[in-house]
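[1] kindly return the folded structure for what I paste below:
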Amino acid sequence: MNSSIGKLYPSTKFEVMLLLVIFSIFTPGYVMQYLIFPLVVLISLCAGTGKQFLGTFFKSIFIIILFIFAIQVFIISNEDAQPIWGFLHFSQTGLNDSLSMTSKIVAISSLVICFFQVTNIKDITYALERSGVPKKVTFLISSTIQLIPQMSALSKTITDAQKSRGIETEGNMLIRAKAFVPMLGPLVLSSIQQTEERVLALESRAFSTRTKKTSIYEMKKKTADYILDILCIAGFIAYILWRVM
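    Numbering: from 1, shown residues only. From the prediction side, this is the model:
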C-alpha cells in the first residue's frame with residue numbers, strides 16, 4: 001500500500017478497473033482480454049503485490065479456467081468433434097468457445113483481485129463516506145469484504161489450537177473431514193463473539209448518531225488522480241466512438 005499505485009485515491013483505481021472491465025466485456029474476440037492479464041501482473045509488480053496476486057490467481061481462478069477448458073474442448077460434443085479415446089474428443093468449436101469465455105473471466109477476475117490487493121479497506125470506506133454513502137452501507141460493504149480474510153485467519157488459529165491438542169488435521173480427505181466438523185463450533189461461536197465486540201466498538205464511537213463526524217484519517221486526490229480521471233473519461237468516450245463507428 002506504500003507504493004505510488006497504492007496511494008492513489010480509491011475512486012481513481014476503481015475507475016481504471018471499471019474501464020478495463022468494460023473493454024473486456026464489450027470487445028469481441030479474446031486477444032485483448034488475455035492481454036489485460038500481463039498488464040495487471042505488471043501493475044501488481046509495481047505495487048509490490050505481484051507474488052500475492054499470482055498466488056491468489058493460480059490457487060482459484062486458474063483452476064476454474066482449466067476446468068472450463070477440459071469440459072468445453074474434450075467433453076462437450078460439437079459437430080466438428082474428433083474422437084481421441086473413449087468419451088474424450090477434440091472440438092475446435094469448443095476451443096473457440098472456451099477461449100472466448102475464459103478470456104473474460106481472466107480479465108475481470110484479475111482486475112478485481114488486483115484492485116482489492118492494492119487498495120486498503122480503510123481507504124475504500126473513507127472514500128465511500130466522503131462521497132455521501134450512508135454509514136450503514138459503508139459498514140456493510142467493508143464487513144463483507146473483510147469477512148473471508150477474517151474467517152480464514154480465525155480458522156487457521158482454531159486449526160493450530162487443535163494441532164496443539166493432538167487432533168489430526170492433515171492427511172487424506174477423511175481425516176480432514178473429521179477435523180473440519182469439530183472446528184465448526186468454535187468458528188461460529190468466535191464469529192458471533194467478534195460481531196458483538198464490533199457492535200460495541202462502533203457504538204462507543206457514536207456510529208448511530210446523525211451528527212456530522214470528523215475523521216483523523218484523511219485522504220485527498222492528488223494530481224495523478226485527476227490526470228487518470230481525465231484519461232479514463234477520454235478513453236471511455238473514445239471506446240464508444242470506436243465501437244459505434
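[2] residue contacts, the residue most central in space within the chain?
    When C-alpha atoms, centre = their mean is applied to the chain, the residue found nearest the centroid is Ile113 (3.4 Å). Taking C-beta atoms under 8 Å, 6 or more residues apart in numbering as the criterion, Ile113 is in contact with Phe53, Thr56, Phe57, Ile61. To be clear about C-beta, it is placed using only N, CA and C from the backbone, and glycine gets the same treatment.
[3] host element of the closest residue to Phe69 other than its chain neighbours?
    Nearest residue to Phe69 in three dimensions, chain neighbours excluded: Ser98, at 5.0 Å (C-beta to C-beta, 6 or more residues apart in numbering). Using DSSP states H and E, Ser98 maps to helix 92-118.
[4] how distant is that helix from the center of its chain?
    Put simply, helix 92-118 sits 13 Å off its chain's centre (C-alpha atoms, centre = their mean, to the nearest Å).
[5] which residues make contact with stretch 5-22 from outside it?
    With C-beta under 8 Å, 6+ apart as the criterion, stretch 5-22 contacts 1, 36, 39, 43, 46-48, 107-108, 111-112, 114-115, 118-120, 123-124, 126-127, 131, 219-222, 224-225, 228-229, 232, 235-236, 239.
[6] and those residues, which are buried?
    36, 43, 47, 107-108, 111, 114-115, 118-119, 123-124, 126-127, 219, 225, 228-229, 232, 235 (16 or more other C-beta atoms under 10 Å).
[7] in the strand or helix carrying Ile36, what's buried?
    Assigned by DSSP H and E, Ile36 falls within helix 31-47. Neighbour counts over helix 31-47 (16+ other C-beta under 10 Å) mark Gln33, Tyr34, Ile36, Phe37, Val40, Val41, Ile43, Ser44, Ala47 as buried.
[8] I'd like the residues you listed as a markdown table, with distance to Leu187 appended.
    As requested, the buried residues of helix 31-47 are exported to a markdown table (distance: C-beta to C-beta, whole Å):
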| residue | distance to Leu187 |
| --- | --- |
| Gln33 | 38 |
| Tyr34 | 39 |
| Ile36 | 37 |
| Phe37 | 34 |
| Val40 | 33 |
| Val41 | 34 |
| Ile43 | 35 |
| Ser44 | 31 |
| Ala47 | 32 |
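[9] of the residues you listed, the lowest pLDDT goes to which?
    Ranked by pLDDT, the buried residues of helix 31-47 bottom out at Ala47 (83).
[10] so that residue sits right up against Val118, yeah?
    Yes - because the distance of 4.5 Å satisfies C-beta atoms under 8 Å, Ala47 is recorded as touching Val118.
[11] overlap in contacts of the two?
    Contacts common to Ala47 and Val118, judged by C-beta under 8 Å, 6+ apart, are Ser3, Ile5, Gly6.
[12] and which of those residues is nearest to Pro149?
    Gly6 (17.3 Å; C-beta to C-beta).
[13] isn't there a strand covering that closest one?
    No - Gly6 sits outside any strand when classified using DSSP: H, G, I helix; E, B strand; the rest coil, being coil.
[14] give me the contact list for the helix holding Ile36.
    Contacts for helix 31-47 (C-beta under 8 Å, 6+ apart): 3-6, 20, 23-24, 27, 50, 52-54, 103-104, 106-107, 110-111, 114, 117-118.
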